[in-house]
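Visitor: give me coordinates for this.
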Amino acid sequence: MTDAELENRKILLKSIILRDLPSEELDELARKVKSRVARPNEIIFNEGDPPDAFYIIGSGRVRTYVKHKDRIERELAVRGPGEHFGEVALLAGDTRTANAESLVETQLVVLSKEQFDSLLRDHPDLSRNFVREMRGWLIKDQEIIEEEADAVIRASRVYWFDFVLVLGVSVLLAITFNFSNPYGIPLIPERPEAVPSISASAAMQDYRQGQTLIVDAMPNNFYQNAHIQGAVNMPMALFDIVYLMSFSEEKKDKEIVVYGNTISRPYDLEIADKLLLRGYKDVKVLEGGLQAWEANGYPVEQKVSR
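Guide: Numbering: from 1, shown residues only. Modelled structure (predicted):
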């Protein structure tokens, strides 16, 4: 390998996404990819540009941001060595949704769209890694939204610009990934029949036999505080992402029990409806939610206080 190819390989090995590729494939990729040095404050791509490449940072820093009509900028992230950017538009097959700018002189390894698509075809696990990463972004955005809402209640006033912007970014990411997800939801679905309920004692019988998949519909911060042991967290905002990660291989006749808190029952029903629309035939809502389960002394995982 040439010195340039060896340098490319070193950068590829820094990437959390690509470093576990077989050694011979890393060598081959290092020979094929291009390298690029971006000057300080150089625009790497703009919103609306075609999705032509995926970037891995060897050294330096890159910030991604969105710019609004009133020229106000909103920074999304600052990334450094070993991190990557540019994948959202490639996964969605749409134009760039943000701008990318180098903050200092930055060394980049550049994979073309064809190389990126080939990697995903040959290594399906890479797609799941990107899904997990996007799920993390959405969880972070959801927590920001919840914190903004709490601040509104405490201060009795609303910072509409920031709140709507964070919400808009979350919705944009969710819609973008949904278009790239082969299990996407129809725009105007038919509503299924009413979701049946199940008592905590009846659900426990099936739970003990390992026949039931338990779904927690509460926001992630509530789930972290307390949830049924072994439950999958599926808040409404993350439905598509969690579905792809946890449900795409489940049999359609699998028994699924959805629960939340008593006050969140409308969300429980919505999640149950969505699962029915995806073709699952045995979906129920837990009567009394988490409180009823805890009241019966059934297994619950709680956050440990430090």
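Visitor: quick one: Ala272 and Val195 touch, right?
Guide: Yes - using CB atoms under 8 Å, Ala272 is in contact with Val195, at 4.3 Å. (Each C-beta comes from the backbone N, C-alpha and C, glycine too.)
Visitor: which one of the two has more residues nearby?
Guide: With neighbours defined as other CB atoms under 10 Å, Ala272 and Val195 compare such that Ala272 has more, 25 against 17.
Visitor: which pLDDT value goes with the more buried one?
Guide: If you check Ala272, the pLDDT there is 88.
Visitor: hmm, back to that, identify the contacts common to Ala272 and Val195.
Guide: Shared contacts of Ala272 and Val195, defined by CB atoms under 8 Å, 6 or more residues apart in numbering, comprise 258, 283-285.
Visitor: strands - which of those land there?
Guide: Within the shared contacts of Ala272 and Val195, residues falling in strands by DSSP state E are 258, 283-285.
Visitor: any chance of those in JSON lines with distance to Pro219 as columns?
Guide: Compiled in JSON lines, those are given as follows (distance: CB to CB, whole Å):
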{"residue": "Val258", "distance to Pro219": "14"}
{"residue": "Val283", "distance to Pro219": "21"}
{"residue": "Lys284", "distance to Pro219": "21"}
{"residue": "Val285", "distance to Pro219": "17"}
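Visitor: can I get stretch 73-83 in PDB, CA atoms only?
Guide: The C-alpha atoms that make up stretch 73-83 are tabulated as PDB, following Å, rounded to 0.1, in the frame of the first residue of the first chain:
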ATOM      1  CA  GLU A  73     -28.000  29.700  12.400                       C
ATOM      2  CA  ARG A  74     -28.700  26.700  14.600                       C
ATOM      3  CA  GLU A  75     -25.700  24.500  15.300                       C
ATOM      4  CA  LEU A  76     -26.500  20.800  15.300                       C
ATOM      5  CA  ALA A  77     -23.100  19.200  16.200                       C
ATOM      6  CA  VAL A  78     -19.400  19.600  16.200                       C
ATOM      7  CA  ARG A  79     -17.500  16.500  15.200                       C
ATOM      8  CA  GLY A  80     -13.800  15.500  15.600                       C
ATOM      9  CA  PRO A  81     -11.400  12.700  14.600                       C
ATOM     10  CA  GLY A  82     -13.000   9.300  14.100                       C
ATOM     11  CA  GLU A  83     -16.400  10.800  13.800                       C
END
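Visitor: quick one: mean pLDDT for it?
Guide: Computed over stretch 73-83, the average pLDDT equals 88.
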